[in-house]
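Trainee: Give me coordinates for this.
(chains A and B)
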Amino acid sequence: MPILELKGVCKGYGHGAQRSEVLRNLDLQLERGELVAVVGFSGAGKTTLVSMIAGLTTPDSGSISFEGKAVRGPGPERAVVFQSYSLLPWLSVRQNVKLAVDQVFAHWTPARRLAHTEHHIALVGLSAARDKKPAELSGGMRQRVAVARALAMEPELLLLDEPLSALDALTRATLQDELARICQVSGKTILLITNDVDEAILLADRIVPLDAGPAAKLGPSLSVDIERPRDRKALNHDPRFKRLRAQVIDYLLESGRKRKQRLCAPKPIEMSPSPEPAR
Amino acid sequence: MQEKNFGQRAFDNVVLPMLGVGMVIVLWAIVSATLAPALPGPWKTWQVSKLYVLSPFDKRGELDQGILRFTWYSLVRVAKGYSLALLIGTPLGLLLGMSQAFTRSFDPIIQILRPVSPLAWLPLGLVLFQKPEPAGIFTIAMCSMWPTVLNTALGVRSIPQDYINVARVLQLSRSKRLLKITLPAALPYMFTGFRLSLGIAWLVIVAAEMLTGAPGVGGFLWQEYNSLIYEHLILCIATIGIVGFVLDRLMSLVENKLKVA
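Mentor: Purely as a prediction, here's the structure:
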């Protein structure tokens, strides 16, 4: 039985004529222990998808079930690492993580909760900064705190919503490697949402492209049959990597082109060659 | 921006303000000597007031005390009314911020009560309590609580969705959510309200004391007006202004500290 199952999920915003459909008829299954990456353009509705799985918003139609039960609301068994980190600025690194630990493991002894907190701060390499406030940390460090907080909740499913997109390229690469290590160590079921195809291939077992919106659909799932640990440098020369990367990008560009045609349908005139959203 | 050196900063922060004060005093002297002979000049004001300023804590009689002693009475009265305002205003603001239904129900009445002058509340207070002291405190509370109410409500409404999502994913209980998320997130806004409320409380004290004749800066002002010692009016006005300024500065110090955190 899949741990997470989406069936015909649709979601839109607004009413009547102003209504815009964001996601149409999504089907997705995640097996336990699997790391699936959903790759798509920005603005395609990726964050909406995460919010629905987290239970923060409800789909208009279709169903989302988690461990065989319909998702009715948010819960700590589906932890989210938000794009904006969403750390509480008045709490230190330790307090931010501990707030989650205290809540989820309320039945533990205080000493055990503290040790659990420290362990997860160490896991993301932030022990030295544990008493700092988020404002004193760099973007990459804040993101690690958010990851530590989510992992410390020991969720059944970890939802990563473009966790590294706000970071510069170098920090991003470092954190990708670190995330790969943490994912492997934790062996958790993870849904990674990203707009970076390389990141998806580096981290995921399976990649599912998300069409360009509006009314975005999920594309065919592509499995990443590259052994771990994956080395960023070696990967660049791996023919399987190149093939996979081309497949995902072609699919996304094709969907973007179809969308453009759809939107410009009444006008048969060829549009001026606009730059493709290439990488 | 270029760092200014010490001399430059001393000039900006000390010399220029002193110059401004000096110019106003000169203008005051000229006006009292020419246009408005009823207005006591600066020198005469100092001569008549210096006993009150130089021995500010003396008590020579019920109505003849040093200016800081009077200020102290007023501050104690303000503290009582202001505390009452915060005790009522903060929970009211939290409720308004958290519940749409509550806002719909009570926002109109708040908007109607908010602009009512202290001069209108005081007689009602006298009717309710039959004594000037609680009537004054009641008036201060009724006038000064509104900025606290409105800013607290605004603070709660302005909590970023991110923080609320954290609370929802963690399934925090209502009370935990209030203590761990809502209050800390709204605190900077609340303090802005507290500061504005204190300003109003201090504004109201003079009116309250004038009407009730209670000993304090406002009471002293009214009594000296009736005794035709107009120099003391200016002494009182200056004192009220300076104390109000100091209170506001102190509150902004705390406020800024909260904003950085």
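
Trainee: Can you show me the helices along the stretch 51-200 of chain A?
Mentor: Secondary structure of the stretch 51-200 of chain A (DSSP state H, counting those that start in this stretch): helices at A:93-104, A:110-123, A:139-152, A:169-186, A:197-203.

Trainee: closest to B:Met98 out of those helices?
Mentor: Each of the helices of the stretch 51-200 of chain A has some distance to B:Met98 by Cβ to Cβ; the shortest is helix A:93-104, at 20.0 Å. No exception for glycine: its C-beta is placed from N, CA and C like everyone else's.

Trainee: Identify the spatial nearest neighbour of the residue of the stretch 151-261 of chain B found nearest chain A, chain neighbours not counted.
Mentor: Closest contact between the stretch 151-261 of chain B and chain A, by Cβ to the nearest Cβ, is at B:Asp162 (3.5 Å). Spatially, and ignoring its direct neighbours in sequence, B:Asp162 is nearest to A:Ser86 (3.5 Å; Cβ to Cβ, 6 or more residues apart in numbering or on different chains).

Trainee: list the contacts for B:Gly97?
Mentor: B:Gly97 is in contact with B:152-157, B:182, B:186, counting by Cβ atoms under 8 Å, 6 or more residues apart in numbering or on different chains.

Trainee: Any quick PyMOL command for the buried ones out of the residues you listed?
Mentor: Listed next is the PyMOL selection for buried residues among the contacts of B:Gly97, using 16 or more other Cβ atoms under 10 Å in any protein chain shown:
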select buried, chain B and resi 152+153+154+155+156+182+186
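
Trainee: Would you mind listing what in chain B touches chain A?
Mentor: Contact residues (Cβ under 8 Å from any Cβ of the partner chain) of chain B with chain A: B:160, B:162-163, B:165-166, B:168-172, B:176, B:180-181, B:184-185, B:187, B:261.

Trainee: and stretch B:197-212, how far out from the chain's middle?
Mentor: Taking Cα atoms, centre = their mean, to the nearest Å, one finds stretch B:197-212 lying 8 Å from the centre of the chain it belongs to.

Trainee: Check what contacts it and list those residues.
Mentor: By Cβ under 8 Å, 6+ apart, the residues outside stretch B:197-212 that reach it are B:74, B:77-78, B:81-82, B:85-86, B:89, B:118-119, B:122, B:126, B:132-133, B:135-136, B:139-140, B:143-148, B:214-219, B:221-222, B:240, B:243-244, B:247-248, B:251.

Trainee: Are any of those buried, and if so which?
Mentor: B:74, B:77-78, B:81-82, B:85-86, B:89, B:118, B:122, B:126, B:132, B:135-136, B:139-140, B:143-148, B:214-219, B:221-222, B:240, B:243-244, B:247-248, B:251.

Trainee: Let me have the helices of the stretch 51-200 of chain A in CSV, extended by mean pLDDT, distance to chain B and mean neighbour count.
Mentor: Below are these laid out as CSV (pLDDT from 0 to 100; distance: least, Cβ to the nearest Cβ, whole Å; neighbours: other Cβ atoms under 10 Å in any protein chain shown):
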stretch, mean pLDDT, distance to chain B, mean neighbour count
helix A:93-104, 94, 5, 23
helix A:110-123, 92, 14, 17
helix A:139-152, 89, 9, 24
helix A:169-186, 82, 18, 16
helix A:197-203, 89, 22, 23
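
Trainee: mind giving me CSV with those helices and columns for distance to B:Trp43?
Mentor: Formatted as CSV, these follow (distance: least, Cβ to Cβ, whole Å):
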stretch, distance to B:Trp43
helix A:93-104, 60
helix A:110-123, 68
helix A:139-152, 62
helix A:169-186, 69
helix A:197-203, 79
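
Trainee: out of those, which comes closest to A:Pro59?
Mentor: Ranking these by proximity to A:Pro59 (Cβ to Cβ) places helix A:139-152 first, at 22.7 Å.
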